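Chemist: Fold the following, please.
(one chain, ligands or ions: 1)
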Amino acid sequence: MRIFDPHIHMTSRTTDDYERMAAAGVRAVVEPAFWLGQPRTSAASFTDYFDSLIGWEPFRAGQFGVRHFATIALNPKEANDPRCRPVLDLLRRYLDKDAVVAVGEIGYDSMTPEEDEAFAAQLALAVAYELPALVHTPHRDKARGCERTLAVVAESGIDAGRVVVDHLNEVTVKLVRDSGCWLGFSIYPDTKMTPQRMVELLREYGTERMLVNSAADWGRSDPLLTRATGEAMLLAGFSDDDVDKVLWRNPVEFYGQSGRLDLSDLDVAAAVDPQTGNSILRGGS
Ligand SMILES: [Zn+2]
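Modeler: Below is the predicted model of the structure:
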């Protein structure tokens, strides 16, 4: 099983995680810029963070055979802090970099006017830099947050096919599906979406435009839940090809729209199904 985790915060994880992920089949990851838990007190603090997302972290991942890409943005939560607003002026410097495959994560946390403004401004940057956008949806008041998110996306003029709306669940899946955006699902250890619930959604809505991630970070989370979801799919009767589409080809297609997703000489030859011995190299890489 070859796996591309399209949303994971590796900065918060240990090398043990990289080792376990590589052993589980994870060959590529996208790390979105986000909140560190501790509020940052100046834009300069973001400069160091962004530099590590495109420098140190890809190097660290590479030691385990994992290809690492980043998305860069001022996250929704810190968009509310006036000390962090100047980050919006820093972004252009990073959106030109090869390791950056989207603008993100952007969107809403508490749905404040400040968040509105930062969200719209960064969607405009995605359009200007011809990059996809990774959009976070709030964990509280999900349906309303999602509706408002889709309205802002539509208003921005960005092509819906270049936007993933993330952290979806049973309540929000249909709204986003009907919008033409990609659908992101974060699988968590014991709250929100689980592998089993994800399998039910894949049964009902199919595998098109579906992205599954672990969103693992400094909170309670598990970087192997992408693999667990693939296994739950197989148990439920999905084929190896379905799993490969959801866990590899879909994220490759989505982030490939950046024109920067270089997966050449990646060790996907290891992605041979241990049960069948079949190579699953076909397509998408
Ligand atoms: Zn995240």
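Chemist: wait, does stretch 154-165 contact the ion?
Modeler: No. Judged by Cβ under 5 Å from the ion, stretch 154-165 stays clear of the ion, getting no closer than 11.8 Å. Using the backbone N, CA and C atoms, a C-beta is placed for each residue, glycine as well.
Chemist: Contacts only, for residue 24.
Modeler: Neighbouring residues of residue 24 by Cβ atoms under 8 Å, 6 or more residues apart in numbering: 1, 3, 224, 227.
Chemist: Which pair of those residues spans the longest distance?
Modeler: Pairwise distances across these peak at 11.4 Å for 1 and 224 (criterion: Cβ to Cβ).
Chemist: Of all the residues in stretch 39-46, which ones are buried?
Modeler: Under the neighbour-count criterion of 16 or more other Cβ atoms under 10 Å, stretch 39-46 has 40, 43, 45-46 buried.
Chemist: Can you show me the strands along the stretch 151-285 of the chain?
Modeler: Counting by DSSP state E, counting those that start in this stretch, the stretch 151-285 of the chain has strands at residues 163-165, 182-186, 210-213.
Chemist: Buried deepest among the ones you listed, which one?
Modeler: For the strands of the stretch 151-285 of the chain, the largest average neighbour count (mean count of other Cβ atoms under 10 Å) is found in strand 163-165, namely a mean of 29.
Chemist: Near residue 264, how many other residues are there?
Modeler: By other Cβ atoms under 10 Å, 7 other residues sit near residue 264.
Chemist: now residue 244
Modeler: Residue 244 has 23 neighbours, counted by other Cβ under 10 Å.
Chemist: And residue 175, how close does it get to the ion?
Modeler: 20 Å (Cβ to the ion, to the nearest Å).
Chemist: Up against the ion, what does the stretch 151-285 of the chain have?
Modeler: So the stretch 151-285 of the chain meets the ion at residue 215 (Cβ under 5 Å from the ion).
Chemist: who are the neighbours in contact with the residue of the stretch 151-285 of the chain found nearest the ion?
Modeler: Proximity of the stretch 151-285 of the chain to the ion (Cβ to the ion) peaks at residue 215, 4.9 Å away. Counting by Cβ under 8 Å, 6+ apart, residue 215 touches 7-9, 166-167, 186-188, 221.
Chemist: gap between it and residue 245?
Modeler: Using Cβ to Cβ, to the nearest Å, one gets 20 Å for the distance from residue 215 to residue 245.
Chemist: wait, what's in contact with the closest residue in space to residue 139 that isn't next to it in sequence?
Modeler: Leaving out its chain neighbours, the residue that sits closest to residue 139 by Cβ to Cβ, 6 or more residues apart in numbering is residue 167, at 6.8 Å. Contact analysis of residue 167 by Cβ under 8 Å, 6+ apart lists 136-137, 139, 184-186, 192, 215.
Chemist: Show me what counts as buried in stretch 137-145.
Modeler: Buried residues in stretch 137-145, counted by 16+ other Cβ under 10 Å: 137-138, 142, 145.
Chemist: so which of those would you say is closest to residue 253?
Modeler: Of all the buried residues of stretch 137-145, residue 137 has the smallest distance to residue 253: 21.4 Å, by Cβ to Cβ.
Chemist: which residues sit in contact with that closest one?
Modeler: By Cβ under 8 Å, 6+ apart, residue 137 lies in contact with 107-108, 145-146, 149, 165-168, 172.
Chemist: what about the strands in the stretch 1-150 of the chain?
Modeler: Listed in chain order, the strands of the stretch 1-150 of the chain (DSSP E, counting those that start in this stretch) span 3-5, 26-32, 67-72, 100-107, 133-136.
Chemist: Direction included, what does the second one pair up with?
Modeler: Spelled out, it's strand 26-32. Here strand 26-32 is paired, per DSSP bridges, with strand 3-5 (parallel), strand 67-72 (parallel).
Chemist: mind checking how far residue 141 is from residue 210?
Modeler: 24 Å.
Chemist: If you could redo that for residue 139, that was the one I meant.
Modeler: Residue 139 is 20 Å from residue 210, by Cβ to Cβ.
Chemist: try residue 244
Modeler: Going from residue 244 to residue 210 by Cβ to Cβ gives 13 Å.
Chemist: ok, the residue of the stretch 1-150 of the chain found nearest the ion - contacts?
Modeler: Nearest residue of the stretch 1-150 of the chain to the ion: residue 34, at 4.8 Å (Cβ to the ion). Residues near residue 34 by Cβ under 8 Å, 6+ apart: 9, 75, 105, 136, 217.
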